[in-house]
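A.B. asks: A predicted structure for the sequence below; I have some questions about it.
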Amino acid sequence: QMRDTRDLGWPLLCGRGEAGGSLLLRYTPAVTYFDGSPGEWYAIKQILTVQELDWRRKKRFVEKHSTWDGQHRYYRRKPKSFLSGLLPVVTARLDEEDIAYEVEDLPAVRAEVRHVPDVIGPMALREYQILAIRKALRAGRGVLRMPPRSGKTVVHIAMVDLLDEPSLLLVQSLHLLEQHYRLFMSCGVTDVGRIGEGLRETRKKHLIATVQTLSRAVLAAAPWALRVVESRVVVVADECHRASANSYLTIFESMTDAPYRFGLSGTPFRAYGRDVDPRDFWLVAATGPLIFDIPSSYLREVGYLAQPTLYMVPVNKKIFAGEDCPFSVVYKRGVTEHRERNAKIASIADWLQEQGRRVLILVSKIRHGRLLLQTLATKYGIECAFTWGGKRLCYIVGGQLRYGRYDERWIDRFRDGEVPVLVASTVMDEGV
């Protein structure tokens, strides 16, 4: 269970324990080190060990890890330590069990930031965005839960511009890299560099990096990557629900001197509320607990988000598969190559675009995207495009199929109505 962090700074959240206790926790921004008796270390290990539910039934684990006991361990044995984002979890449990401890080297309590500019470049900050910046700078680290279209990136840009310190923003894909870069520029923050897809603009004050490129370079001990992680004061993980991946943890753990650590996402945790599912401990470990939460219902009430309308479209033709039929085969028959289903998707897209609507169709299989593209073009004569992997593109113009390279101009053309229907892989789920 996490402590309520809404009005607390990070040092107050962690508690300082009692001076002179035999259990000493030495805090650093990345890792907290343990010094105490074997019994106290056992207590720490029990706190940071989570048993996977029904783990014996998970075939993929049994086959690949036959010796695995179903437990997730969120600590390091050598040296005895754990990622510092979990310090509030540990101290809360130690308090419950009346185990005396002392926390050393915690930073000073940060004063509340009272003046936050209400504009960043040409953009006016909304009241909840200003509140999010205040909460984040007060806490120093943690997760901000903000739904899609709430302006998470604008909050990040305004925050690092206010701090005026070297920063690093981690993104998952190339289209997010370009999108965030353009947003920085439009907000008047121009000292920005990109890392990813052959770009290595590391001399800039604010860096945006694809997590795959930077984590590989850090693991390979590339000098330029080590200089990047050692020189940053602020690190932010965009769409941080992915931060349990080893690539994110590699970067966060290597940034030993970055005191400001934040995660941004609309759905950071599996469970909704202020308590954190133990399976999300890696996210908390890398950044910190939940420090700000703005529900989408509030944004709809004040007019910042539209109320979605959901339609369930029946598909009558059944598919036949035996009990032992692999899921991939069932998905292929029932989704990817299901003619009636694809025909209805294309028909709905045609109906919407005739009304002047822009239609985005998300698919998880490349073949599915290509089949829909062909149906839209041949049956309805729609000039549309299909992009996948964040960088590949095929499109139909004048009945001719052409291939090209995806860039942000295609999103602009889609928004402007030049491309009425865009089919995309699920990499476009985020940031569009």
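C.D. replies: Structure's in. What do you need? Keep in mind that what you see is a predicted model, and the values were worked out from it rather than measured.
A.B. asks: which stretches of the chain have low pLDDT?
C.D. replies: Within the chain, the stretches with pLDDT under 70 are 1-21, 53-68, 243-245, 271-279, 321, 389-391, 397-399, 407-408, 427-432.
A.B. asks: so how far is Gly39 from the most centrally placed residue in it?
C.D. replies: Closest residue to the average C-alpha location of the chain: Glu239 at 1.8 Å, with C-alpha atoms, centre = their mean. Computed as C-beta to C-beta, to the nearest Å, the Glu239 to Gly39 distance reads 41 Å. For glycine as for every other residue, the C-beta is placed from the backbone atoms N, C-alpha and C.
A.B. asks: Ok, Val315 next?
C.D. replies: In terms of C-beta to C-beta, Val315 sits 61 Å off from Gly39.
A.B. asks: rewinding a little: isn't the residue nearest to the centre of the chain right next to Ser173, touching?
C.D. replies: No - using C-beta atoms under 8 Å, Glu239 is not in contact with Ser173, being 9.2 Å away.
A.B. asks: all strands for the stretch 251-400 of the chain, in order.
C.D. replies: Taking DSSP state E, counting those that start in this stretch, the strands of the stretch 251-400 of the chain run over residues 260-265, 290-293, 359-363, 384-388, 392-397, 400-405.
A.B. asks: so which of these comes closest to Val116?
C.D. replies: Proximity to Val116 (C-beta to C-beta) singles out strand 290-293 among the strands of the stretch 251-400 of the chain, at 13.4 Å.
A.B. asks: Tell me which strands the closest one pairs with, and in which orientation.
C.D. replies: Paired with strand 290-293 in the same sheet, following DSSP bridges, are strand 141-145 (parallel).
A.B. asks: List the buried residues of the next helix or strand after the partner strand.
C.D. replies: The helix or strand immediately downstream of strand 141-145 is helix 152-163, counting by DSSP states H and E. For helix 152-163, burial by neighbour count (16 or more other C-beta atoms under 10 Å) applies to 152-161, 163.
A.B. asks: which residue ranges form the strands in the stretch 1-150 of the chain?
C.D. replies: 23-27, 31-35, 49-51, 71-73, 81-83, 101-104, 119-120, 123-124, 141-145.
A.B. asks: Make JSON lines from these and add distance to Ala221 and mean neighbour count to it.
C.D. replies: Shown next, in JSON lines, are the strands of the stretch 1-150 of the chain (distance: least, C-beta to C-beta, whole Å; neighbours: other C-beta atoms under 10 Å):
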{"stretch": "strand 23-27", "distance to Ala221": "25", "mean neighbour count": "20"}
{"stretch": "strand 31-35", "distance to Ala221": "18", "mean neighbour count": "19"}
{"stretch": "strand 49-51", "distance to Ala221": "31", "mean neighbour count": "13"}
{"stretch": "strand 71-73", "distance to Ala221": "26", "mean neighbour count": "13"}
{"stretch": "strand 81-83", "distance to Ala221": "20", "mean neighbour count": "22"}
{"stretch": "strand 101-104", "distance to Ala221": "30", "mean neighbour count": "19"}
{"stretch": "strand 119-120", "distance to Ala221": "36", "mean neighbour count": "16"}
{"stretch": "strand 123-124", "distance to Ala221": "39", "mean neighbour count": "14"}
{"stretch": "strand 141-145", "distance to Ala221": "26", "mean neighbour count": "26"}
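A.B. asks: Nearest to Leu169 among the ones you listed would be which one?
C.D. replies: strand 141-145 (13.4 Å).
A.B. asks: Now do that closest one against helix 152-163: the angle between them, please.
C.D. replies: Put simply, strand 141-145 runs at 150 degrees to helix 152-163, going by axes from the mean of the first three to the mean of the last three C-alpha atoms, to 10 degrees.
A.B. asks: what does strand 141-145 contact?
C.D. replies: With contact meaning C-beta atoms under 8 Å, 6 or more residues apart in numbering, strand 141-145 is reached by 5, 10, 29, 85, 132, 135-136, 152, 155, 240, 259-269, 283-284, 287-294.
A.B. asks: cool, and stretch 33-51?
C.D. replies: Here stretch 33-51 makes contact (C-beta under 8 Å, 6+ apart) with 22-26, 70-75, 79-82, 86, 89-90, 93-94, 97, 99, 101, 278-279, 281.
A.B. asks: got it, and stretch 206-216?
C.D. replies: Residues outside stretch 206-216 that contact it (C-beta under 8 Å, 6+ apart): 160, 166-174, 177, 180-181, 184, 189, 191-197, 201, 225, 228-229, 232, 237, 242, 245-248, 250-251.
A.B. asks: What subset of the residues you listed is buried?
C.D. replies: Buried by 16+ other C-beta under 10 Å: 160, 166-174, 177, 180-181, 184, 189, 192-196, 225, 228-229, 232, 237, 242, 247-248, 250-251, out of those.
A.B. asks: which ones among those are found in helices?
C.D. replies: Secondary structure from DSSP state H places 160, 174, 177, 180-181, 184, 225, 228-229, 247-248, 250-251 of those in helices.
A.B. asks: Can you check the distance spanned by stretch 304-312, start to finish?
C.D. replies: Distance across stretch 304-312, first residue to last, is 26 Å (C-alpha to C-alpha, to the nearest Å).
A.B. asks: quick one: His115 from Ile130, how far?
C.D. replies: Taking C-beta to C-beta, one finds His115 at 10 Å from Ile130.
A.B. asks: Equivalent analysis for Glu96, please.
C.D. replies: For Glu96, the distance to Ile130 - C-beta to C-beta - is 36 Å.
A.B. asks: Check Leu372 too.
C.D. replies: 42 Å.
A.B. asks: between these two, which one's more packed in?
C.D. replies: Leu372 (22 against 17; other C-beta atoms under 10 Å).
A.B. asks: give me every residue that touches Phe82.
C.D. replies: Shown in contact with Phe82 (C-beta under 8 Å, 6+ apart): 31-32, 34, 44, 48, 74-76, 90, 285.
A.B. asks: Same question for Thr153.
C.D. replies: Counting by C-beta under 8 Å, 6+ apart, Thr153 has contacts 180, 183, 238, 264.
A.B. asks: Dump the residues you listed to JSON lines, plus distance to Arg392.
C.D. replies: As requested, the contacts of Thr153 are arranged in JSON lines below (distance: C-beta to C-beta, whole Å):
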{"residue": "His180", "distance to Arg392": "20"}
{"residue": "Leu183", "distance to Arg392": "23"}
{"residue": "Asp238", "distance to Arg392": "22"}
{"residue": "Leu264", "distance to Arg392": "27"}
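A.B. asks: Name the nearest of those residues relative to Lys332.
C.D. replies: Nearest to Lys332 among the contacts of Thr153: Asp238, at 32.7 Å, using C-beta to C-beta.
A.B. asks: Next, count neighbours for the closest one.
C.D. replies: Asp238 has 25 neighbours, counted by other C-beta under 10 Å.
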